[in-house]
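Novice: what would the 3D arrangement of this be:
(2 chains, ligands or ions: 1)
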Amino acid sequence: MTATIEPEVGRARPRKEDARLVTGRTRWTDNLTVPGLLHLAFLRSPVAHAKITSIDVEAARRAPGVVAVFTGRDIADAQGSLPCAWPVTADQVAPAAPSLAVDQVNFAGEAVAVVVARGKAEAHDALEAIDVDYDELPVVLDLRAAIAEDADVVHPDLGTNRSAHWVFDSAEAGTGGDVEQAIAEAEVLIERTYRQQRLIPAFMEPRSVLVDPTGEQTTVWSATQIPHILRLMLALTTGVPEHKLRVIAPDVGGGFGGKLQVTPEEVVALVVATRLGKPVKWTESRSESLLSAHHGRDQLQRLTLAARRDGTVTGLKVDLLADMGAYLRLVTPGVPILGAFMFNAIYKFPAYRFACTNVFTTKTPTDAYRGAGRPEATFAIERLMDELAAELGRDPIELREQNWIKHDEFPFTTVCGLEYDSGNYEAATARAKELFGYDELRAEQRERRDRGDSVQLGIGTSTFTEMCGLAPSRVLGSLSYGAGGWEHAAIRMLPSGKVEVVTGSSAHGQGHETAWSQIVADQLGVPFEDVEVLHGDTQSSPKGLDTYGSRSLTVGAMAVLKAGEKVIRKARRVAAHMMECAEDDLEFTGGRFTVRGTERSTGITEVALAVFAAHDLPDGVEPSLDSAATFDPDNFSFPHGTHLCAVEVDTETGFVKIRKYVCVDDVGVVVNPVIVEGQVHGGLAQGIAQALYEEAVHDESGTLTTGTFADYLLPSAVDLPHFDTDRTETPSTTNQLGVKGVGEAGTIASTPAVVNAVVDAVRHFGVDDIQMPCTPMRVWTAINGGPTDAGGPGGEAGGGLGSIDSTGGAL
Amino acid sequence: MIPAAFDYTAPSTVEDAVRALAESGEDAKVIAGGQSLIPVLRMRLAAPTTLVDIGRVPELRGIRDDGDELVIGATTTHYEVQRDPLVRVHAPLLRAATDTVADPQVRHRGTFGGALVHADPAGDLLAPTLALDAELVLHGPAGRRTVAAADFFTDYFTTALRQDELLVAVRIPKHTGWGAHYEKFSRVAQAWSIVAVAVAVRVEGGVIAEARVALTNMSAVPVRADAVERALVGSPATAESIKAAAAHAAEGTSPTADGDADVAYRQHLARVLTSRAVTAAVGA
Ligand SMILES: Cc1cc2nc3c(=O)[nH]c(=O)nc-3n(C[C@H](O)[C@H](O)[C@H](O)COP(=O)(O)OP(=O)(O)OC[C@H]3O[C@@H](n4cnc5c(N)ncnc54)[C@H](O)[C@@H]3O)c2cc1C
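Specialist: Residues are numbered from 1 along each chain as shown, chains lettered A, B, ... in the order given. Below is the predicted model of the structure:
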């Protein structure tokens, strides 16, 4: 009878998608095949900056199994320029971005030719037969050098490496005071330069695309986060009409922003398939992925924090250089700008100025990576707050509390003009301190310090917030973003009482199928198992803006909820007709319409069947309960939390071991605690990895030296501590569900907590910064009075897999 | 990441394997566990015309007791070395080092012989082999010869093995009753050594009677820390004397610089890790 007894929302359900993902009972893009499929292999530039003086593909064309070979020149008319949807300023300069380089290569790894062959191996074999002559140009690698007077330029036609200069000033915006005045009047100034090293998203499933042009519509399967955006952008870029394109994102194995892209390979696959009239597929290797898929972060942050001696912060000035890499990809220039609103974080800064210069270099383009702009901002402010505490001899948590927005001050309009709807920093922090054993660990730290122990303990804090739920369309408009921030959903009531939910969100590991089912099961009063979630195919889910920026639950699920409300409204009318009562007499709970004060009731599934039969409907009612909704949020949501990290630093070797990690996140109402926990764990792993392990390194010739997982260090479970996680729950007031988003929280919060802990452990050696990743050598060097950025690209070969190529291996 | 095409043969005896190598000429390559070779092939850093797979030669695999020595067949996997009772008793250092190699998947396929022939200076099994004064048995068209570990490793990824020879076994003098420890330093758990130290010691009445110390990744080849050994022998097994001896660990080394460690830091690590390794071995 009643479908759901216990509410589904809040239930720790195992994810319904996991069985097929974990057992491999699904098809990833690379598993797919169609009759007559041909395979692509890309030849990539080994040099970072050069004129292409000639490309000879004749031998490759004659190689066994080869069907065609194309250079950039061959497809110059069809490939268009890769789209950038976010011109951050009116005077932003940007180069044309061919998918296959035509005259010039601008980063090592840029594609210069593509081989089409019957077999994948044959395609790869033929690459070796292509002969390219490069006339090398000077490389542009260093951000500061790139904007110097006499700098070599990446794109000579632009005449500069500065793409855009974007400024927010609270005095000019009327949202706060003048930061220069705050600095002039400051009793304490903390001035620092921090480096956000370049990272690689390192999703698990490599990128893959299959294009079949043989139908009336051309079908593109891609391991992408953004099937809807991809469809539109492919149409705009290549001229293939939008209605002739169908894009499918099958199960996708992670993205972290790395698949929030319209890639050169997708464009080339479409162009080549169209030209040959044959289906083609491309799947990258891991090293191809590390080299050529977009990278993340890479900023130099010059920061000035003004404060009074009593610890009250009075101003914050942020001056960024952001590395675009060689081209502007889909949202490249906007990533640092997303951070602009987050440097002030949870604190009541009266004056704020943010300026960012976007800079071209001869490196792989950067773009969104988990957090996109916000981790960089959070790192900067949370490191500065610890530095201010150290400068004033204050407890870092107490100092934060003095400056943060109190729970009774919400809603609070920040110095950036954002309205934070809700939050309770006191509650999350109190819980985190308790779980952490803060006072005991501080006591141990003192004891080890007094004893001169070779292992020193450090404690790091990060009380972060972030803006999720991208985004109110009007805000995106004011930031010159090329699209809105709404999301679409539809609900179909099937005659048998089952429900199909169509969502424009495009899950690639997040668990939307489970969460959306839980929400709809509660709303319509149907069993969880009776809900099927359809997504990722522009044919079944024709409208959407896809998944990134922790937007799916706050925007995508809200659209689902809105569609559900329409279904109930339609069903109510029919139910009233069936039970011969007024609509107002009906109450809807647990999937049933009950006539108030009576036992008479009708289930929504019975209504669905009656509507299907359509034998007896009220006049003017169309025979369908199906409904669609497009939801545009009024505001962002603002998850927050307190992360505390204790590290042990072996001062003899510089090795950092995380001793304890506690986080108490407030992500609002929780639909499924298992999913939230999973997102937090994964996020922590990535944020901790930025602090301690990961860095994409280029040598002085612009070659990526961290081109395999032997060199680009990802931590495994063994390297990470047990995570003590808990939550406080302050519902968001900007959406009906009260949800805030959790996809990026762990990544955003954890990096500064770890680095703060490392610096805290060795501060008594005179250390106030260590550049990320805090490698053992950097920590040891800093302890011993050396620079904080020791290491970097090595001149000679060391051992291990990564050294094989520089020595010719064992051969 | 697809290797260039190659021919493949899988002989079942050492003689056939050596013949196959000789017949295939310069561009033939032995494949054992493939854990180092396959990445090289996939990245097309090498394109041998023929692979001679020695994984199906029974006599190359297994561990036996031969009087004063253990004989470990070249294709014995890391996993088998880890589990072997003879190794545990007579060559605990080798077991300790093997425990730190890669992950279970790699240890089930990778072979002891393959690791030694590959001769990666950061590989973890070279230093223990050197420390234990092992001998490597090589088989070529002209028959067998034996090379001391000290003479086997000649340069980065380079050994005394000739193109037409096979490593068939490693003879390790028994170190029964010795304390042993392998101290490996790497940034994450599953990674090659930045520096590592292999130590075996025999303590008699609180005094170090014999000591074998070798270093991983401190030169193009594994190096014996002679000065440390000399300082240890005859010293009491105390923290102070161990530390004093370990201070000699970097003498005569010529490590490379890379992103993880410059020369000075590597030499510093060698001293710190040697002290820790000897301390652990003495206590073991
Ligand atoms: C992910 C990963 C992590 C690793 N981590 C570590 C680590 O932490 N520490 C470490 O020490 N090693 C590590 N390794 C390397 C591992 O130990 C390899 O197993 C070993 O280096 C090679 O053994 P193999 O049997 O696989 O040799 P193969 O790859 O088959 O061969 C390697 C080389 O030796 C030659 N060869 C092999 N056997 C013989 C023989 N009997 N006679 C003549 N020539 C021969 C081959 O021709 C080739 O040149 C790692 C490997 C991987 C893939």
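Novice: can you list the low-confidence ranges for the chain?
Specialist: Defaulting to chain A. For chain A, the stretches with pLDDT under 70 are A:1-5, A:792-811.
Novice: that's the other chain; I wanted chain B
Specialist: B:284.
Novice: residues near the residue in it positioned nearest to chain A, how many?
Specialist: Going by Cβ to the nearest Cβ, chain A is nearest to B:Ala122 of chain B, at 2.3 Å. (Glycine included, C-beta is placed from N, CA and C.) Close neighbours of B:Ala122, defined as other Cβ atoms under 10 Å in any protein chain shown, add up to 24.
Novice: show me where the stretch 301-450 of chain A has helices.
Specialist: In the stretch 301-450 of chain A, the segments counted as helices under DSSP state H, counting those that start in this stretch are A:334-338, A:374-392, A:396-403, A:425-436, A:438-451.
Novice: how about the secondary structure of residue 281?
Specialist: No chain was given, so I picked chain A. Remark: A:Lys281 carries the secondary structure label strand [criterion: DSSP: H, G, I helix; E, B strand; the rest coil].
Novice: quick one, domains of chain B?
Specialist: For chain B, automatic domain parsing gives the domain ranges B:7-53, B:58-173, B:184-282.
Novice: how about TSV for those, with distance to the ligand added?
Specialist: Formatted as TSV, the domains of chain B follow (distance: least, Cβ to the nearest ligand atom, whole Å):
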stretch	distance to the ligand
domain B:7-53	3
domain B:58-173	2
domain B:184-282	5
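Novice: quick one, what contacts A:Leu617?
Specialist: Contacts here follow Cβ atoms under 8 Å, 6 or more residues apart in numbering or on different chains; on that basis A:Leu617 touches A:Val574, A:His577, A:Ala610, A:Val611, A:Pro623.
Novice: count of residues packed around whichever residue of the stretch 151-300 of chain A sits closest to the ligand?
Specialist: Closest to the ligand within the stretch 151-300 of chain A is A:Arg286: 11.9 Å, counting by Cβ to the nearest ligand atom. A:Arg286: 15 surrounding residues under other Cβ under 10 Å.
Novice: that one and A:Thr224: what is the separation?
Specialist: 18 Å (Cβ to Cβ, to the nearest Å).
Novice: all helices of chain B, in order?
Specialist: B:14-24, B:37-42, B:78-83, B:85-90, B:92-99, B:104-109, B:112-118, B:126-131, B:149-152, B:226-232, B:239-246, B:263-283 (DSSP state H).
Novice: of all these, which lies closest to A:Leu330?
Specialist: helix B:37-42 (30.6 Å; Cβ to Cβ).
Novice: buried set for the closest one?
Specialist: For helix B:37-42, a neighbour-count test (16 or more other Cβ atoms under 10 Å in any protein chain shown) marks B:Leu37, B:Pro39, B:Val40, B:Leu41 as buried.
Novice: about what we covered before: out of the helices of the stretch 301-450 of chain A, deepest packed?
Specialist: helix A:334-338 (a mean of 27; mean count of other Cβ atoms under 10 Å in any protein chain shown).
Novice: helices or strands next to it in the packing?
Specialist: strand A:313-325, strand A:352-360 (3 or more Cβ pairs under 8 Å, 6 or more residues apart in numbering or on different chains; DSSP states H and E).
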